[in-house]
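Undergrad: Coordinates for the following, if possible.
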Amino acid sequence: MRVQTLRTIAGKEFRDHLRSRRFLALLAVILIITGTGAFSGMIQFHKSLDRYHDALTVVSGDDAPPDPTASSKPSVTVIFHLIEMMTATFSAFMGIAMGFDLVTREKESKSLKILLSHPIYRDEVITGKALGGVAAIALAVAIALGVSCAILLIGGTVLSPIQTIQTFIFGLFTVLFIATFFMIALFFSTIASESGTAFLSSLIVLVLVAVILPFFAYNPLVLDAVLGEPPECPEEAYSTDVSYGESLALLDEYDAENEAYWNTRNTLITATMIISPAWIYNAATAAVTALPPADDGMQDYSPGTILSVLLNSWYIFAALIAMLVMPAFFFGLAWVKFARMDLR
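TA: Take a look at the predicted model:
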């Protein structure tokens, strides 16, 4: 694989995406949704900040009852988690729309056969298409985050250096999330004979992991059928016919069984949903944008504490690995299929 050729192909694909009406239309919709989410989140943030300041006033001697929802200082980064919840499905659709016809379009127009008749290796073509698409995705995410930060600035909120790091990590997860569905669409584009088939297949995968899989994973009827119903509290524990010690023993046994049951249930849900990019993305961005609780609930978060949580959290690290593996897996499938494709 030659670096210069790869750079040329990736650059061409990147420019093609930027000139594409489809990409520009999708970017415009993303910016509208992102801007709306940032504006709504900013309003909620200022309301939470007012409650927090009211709670400080109560602690300093006011006679008014404290607000239990304002026990800790709110962070502006939760706005980005709100944006994620509003844009996740459409972001996945954007990735599919960018990748479903990258190969089928050229197969249908016969331009792919002409391209490969030149001294260009197949791995350079498919890798260049992937890199160009991911670069366009990264640019779109950077623009969306820039618009969000601009709205925050207009609202009088300036991100601290630590919050900037959180925002960057949030953006990284967003790029990987969109890139996952872009690679899924690219894979179907290599195996399908028509663009419509590749698009429909990619949408089916999106529906499976974003709708059908969560429906079954969280469905109580399905979970009860697999694990059985939760253990019931023994009525004899409250009977006057048993001693106090026996009653405590029965309740302790019930608590242990109940805890084991719900731990198993949560583990089953996690094991099922781990294959869903949307679930991992949602959980990871929630962990990134959430701040650790302060010691007394009223102190500012120290940079050292936040950096420690962001860089050393096994959960965020595991989510990052999973979000890297998913697009790499589907790109590998697309690469193998493209390398063995028969163009006759």
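Undergrad: just the helices in the stretch 51-200 of the chain please.
TA: Secondary structure of the stretch 51-200 of the chain, counting by DSSP state H, counting those that start in this stretch: helices at 78-99, 104-108, 111-116, 122-154, 161-191, 195-207.
Undergrad: Dump those into TSV; add mean neighbour count and distance to S20 as well.
TA: No exception for glycine: its C-beta is placed from N, CA and C like everyone else's. As requested, the helices of the stretch 51-200 of the chain are exported to TSV (neighbours: other CB atoms under 10 Å; distance: least, CB to CB, whole Å):
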stretch	mean neighbour count	distance to S20
helix 78-99	22	8
helix 104-108	17	11
helix 111-116	14	16
helix 122-154	19	9
helix 161-191	23	13
helix 195-207	18	14
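Undergrad: Those: which one's closest to A319?
TA: helix 161-191 (7.4 Å; CB to CB).
Undergrad: so where do the helices sit in the stretch 201-344 of the chain?
TA: Here the stretch 201-344 of the chain has its helices, by DSSP H, counting those that start in this stretch, at 213-217, 220-227, 244-273, 277-289, 303-312, 314-339.
Undergrad: mean pLDDT lowest for which of those?
TA: With a mean of 55, helix 303-312 has the lowest mean pLDDT of those.
Undergrad: So G11 sits against G132, correct?
TA: Yes - if you go by CB atoms under 8 Å, G11 and G132 touch, sitting 6.9 Å apart.
Undergrad: thought E84 was touching A284?
TA: No - checked against CB under 8 Å, the pair E84 and A284 is beyond contact range at 9.4 Å.
Undergrad: on that earlier part again, can you flag the weakest of the helices of the stretch 51-200 of the chain by average pLDDT?
TA: helix 111-116 - the lowest mean pLDDT of the helices of the stretch 51-200 of the chain, at a mean of 73.
Undergrad: For that one, which outside residues touch it?
TA: Residues from elsewhere that reach helix 111-116, judged by CB atoms under 8 Å, 6 or more residues apart in numbering: V103, E106, R122, V125, L343.
Undergrad: which one among the residues you listed gets closest to D255?
TA: V103 (57.1 Å).
Undergrad: Contact partners for the closest one?
TA: Counting by CB under 8 Å, 6+ apart, V103 touches L112, I126, K129, L186, S189, T190, F338.
Undergrad: nearest residue to the fourth one other than its sequence neighbours?
TA: The one in question is L186. Of all residues not flanking L186 in the chain, G99 sits nearest, at 4.3 Å (CB to CB, 6 or more residues apart in numbering).
Undergrad: any idea how far the most centrally placed residue in the chain is from V209?
TA: The residue lying closest to the centre of the chain (CA atoms, centre = their mean) is Y281, at 1.8 Å. Distance of Y281 to V209, given as CB to CB, to the nearest Å: 11 Å.
Undergrad: for A130, same thing?
TA: A130 is 20 Å from V209, where distance means CB to CB.
Undergrad: Equivalent analysis for F23, please.
TA: Where V209 is concerned, F23 sits at a distance of 23 Å (CB to CB).
Undergrad: Next: S239.
TA: Relative to V209, S239 is positioned 49 Å away (CB to CB).
Undergrad: Ok, N258 next?
TA: Note on N258: its distance to V209, by CB to CB, is 31 Å.
Undergrad: Between those two, point out the one with more neighbours.
TA: Neighbour totals were compared for N258 and V209, and V209 leads with 20 against 14 (other CB atoms under 10 Å).
Undergrad: how about that one, what does it touch?
TA: By CB under 8 Å, 6+ apart, V209 lies in contact with I275, S276, P277, A278, W279.
Undergrad: which of these count as buried?
TA: Buried by 16 or more other CB atoms under 10 Å: S276, P277, A278, W279, out of the contacts of V209.
Undergrad: Which pLDDT value goes with the closest residue in space to the first one that isn't next to it in sequence?
TA: If I follow you right, that is S276. Among residues not flanking S276 along the chain, V209 sits closest, at 4.4 Å (CB to CB, 6+ apart). The model reports V209 with a pLDDT of 89.
Undergrad: For V209, give its distance to A92.
TA: Distance, V209 to A92, using CB to CB: 9 Å.
Undergrad: re earlier: would you convert the helices of the stretch 201-344 of the chain into JSON lines that also reports distance to R51?
TA: Below are the helices of the stretch 201-344 of the chain laid out as JSON lines (distance: least, CB to CB, whole Å):
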{"stretch": "helix 213-217", "distance to R51": "32"}
{"stretch": "helix 220-227", "distance to R51": "35"}
{"stretch": "helix 244-273", "distance to R51": "31"}
{"stretch": "helix 277-289", "distance to R51": "19"}
{"stretch": "helix 303-312", "distance to R51": "22"}
{"stretch": "helix 314-339", "distance to R51": "28"}
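Undergrad: Thanks again, I'm all set now.
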